[in-house]
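A.B. asks: sequence and predicted structure, then a few things I'm wondering about:
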Amino acid sequence: MAAEQRRTVGTGTTPARPGTAPKARPGAAPAARPAVALALLGALAAAALSATAGCSERGAAADEHPGGDPLTAVQRAADALAGAGSSRARTAMEMISGGTRVTVSGDGAFDYAGRRGLLRVVMPQTEEEPITELYAVGELYMKNRGAGVPADKWLRLDTTRLSDGNLVTNGATDPLTAAELLRGASEVRYVGEERVGDSVVRHYEGTADLGRAARAASPYARGALAAAAEGFVQDAVAFDAYLDEDGRPRRVRHEFALSGDSPVRVASTVETYDFGAPAEVALPADRDIYAGTVRQGGQQPAS
């Protein structure tokens, strides 16, 4: 291939955590989560069954590159991430519907050995507490999600029963699932060396097949990806993957186009850093889980 070109990709390319809205006037009611953000999240859930992937045909793998075969490198990224033990993580999910653009961001830590993680997801322009999301095999626990769930209770969802496998509906794609989706990669092209933060990485682009990824995935993501493969009209998902010298995914970006009453474009980005950092994640006790029924934008009832 042509001589490699090293470009700088600063952390600014992943949308930063939004700031808070101006403080309310004395005596005013607390600010609610922005209606447009919640409406788009609801639209994601409602549109998942009629979703189509936002991707185009990609070129073949480059003949020469420093990281070995591009397809193999990308498909093994999930194994490399699991081998890291733990890390910090940042997420950004940009949703575009009509002329409206909303970015939901998150940050947290993941224990890859224990297959658990935590993200604090922030809606834009709000003073309310972040939504706390706990990830485990086939399960998502959410606190401060609203929708009538008491503030001291957790909402538990079975991700294998969500029509998109929780890839987009709750505002973040977790690092493990984002990496596991790469197991379904095909038509991978090596772009060149770039930088993510202070690390030199190898940039790959291509498409991943949801069904193939589900069949190859570890137990952590297998059921959720299988649900997504059933729920999405097309299995192909465009991606950009940035792997470090150890093959670990430092940044993964997936692109989705959801078609429903109002078409929604979604770009989901995950960054991992500070490998080996402590990531102690304790799941809620049964007594702390909300026992009522909650229906939101096509989601299943709470268990």
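C.D. replies: Structure's in. What do you need?
A.B. asks: please name the nearest non-neighbouring residue to residue 256.
C.D. replies: Among residues not flanking residue 256 along the chain, residue 266 sits closest, at 4.4 Å (Cβ to Cβ, 6 or more residues apart in numbering). (Glycine included, C-beta is placed from N, CA and C.)
A.B. asks: dump the helix or strand that residue 268 is a member of to CSV, restricted to CA.
C.D. replies: Using DSSP states H and E, the element containing residue 268 is strand 264-273. Below are the C-alpha coordinates for strand 264-273, written out as CSV (Å, rounded to 0.1, in the frame of the first residue of the first chain):
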residue,chain,number,x,y,z
VAL,A,264,-32.6,8.3,13.2
ARG,A,265,-28.8,8.0,12.5
VAL,A,266,-26.7,6.8,15.3
ALA,A,267,-22.9,6.9,15.8
SER,A,268,-21.8,4.9,18.9
THR,A,269,-18.2,5.5,20.0
VAL,A,270,-16.4,3.6,22.8
GLU,A,271,-12.9,4.5,24.1
THR,A,272,-10.9,2.4,26.6
TYR,A,273,-7.9,3.6,28.5
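A.B. asks: average model confidence for it?
C.D. replies: The pLDDT scores in strand 264-273 average 92.
A.B. asks: list the buried residues in that strand.
C.D. replies: Buried positions in strand 264-273, judged by neighbour count with 16 or more other Cβ atoms under 10 Å: 264, 266, 267, 268, 269, 270, 271, 272, 273.
A.B. asks: what is the fifth one paired to in the beta sheet?
C.D. replies: Counting by DSSP bridges, residue 269 is bridged to residue 92, residue 253.
A.B. asks: pretty sure it contacts residue 91?
C.D. replies: Yes - judged on Cβ atoms under 8 Å, residue 269 makes contact with residue 91 at a distance of 6.8 Å.
A.B. asks: one step back: the strand holding residue 268 - contacts with which helices or strands?
C.D. replies: helix 35-47, strand 86-97, helix 175-181, strand 249-258 (3 or more Cβ pairs under 8 Å, 6 or more residues apart in numbering; DSSP states H and E).
A.B. asks: do you know how far residue 158 is from residue 138?
C.D. replies: Going from residue 158 to residue 138 by Cβ to Cβ, to the nearest Å gives 6 Å.
A.B. asks: residue 177 too?
C.D. replies: 11 Å.
A.B. asks: looking at those two, which is more packed in?
C.D. replies: Per other Cβ atoms under 10 Å, whichever of residue 177 and residue 138 has more neighbours is residue 177, with 27 against 20.
A.B. asks: give the contact list for the more buried one.
C.D. replies: For residue 177, the contacting residues are 165, 166, 167, 220, 221, 224, 225, by Cβ atoms under 8 Å, 6 or more residues apart in numbering.
A.B. asks: the residue nearest to the last one when sequence neighbours are not counted: how many residues sit nearby?
C.D. replies: Counting by Cβ to Cβ, 6+ apart, the nearest residue to residue 225 once its immediate chain neighbours are dropped is residue 214, at 3.8 Å. Residue 214 has 24 neighbours, counted by other Cβ under 10 Å.
A.B. asks: so residue 214 sits in a strand?
C.D. replies: No - according to DSSP: H, G, I helix; E, B strand; the rest coil, residue 214 belongs to no strand; its state is helix.
A.B. asks: related to what we said a few turns ago, state the pair within the buried residues of strand 264-273 that is farthest apart.
C.D. replies: 264 and 273 (28.8 Å; Cβ to Cβ).
A.B. asks: do you know how far the residue lying closest to residue 246 once chain neighbours are set aside is from residue 247?
C.D. replies: In space, and not counting its chain neighbours, residue 246 is closest to residue 80: 6.0 Å by Cβ to Cβ, 6+ apart. Taking Cβ to Cβ as the measure, residue 80 falls 4 Å from residue 247.
A.B. asks: who has more neighbours, these two?
C.D. replies: Taking neighbours as other Cβ under 10 Å, residue 80 and residue 247 compare with residue 247 leading, 20 against 16.
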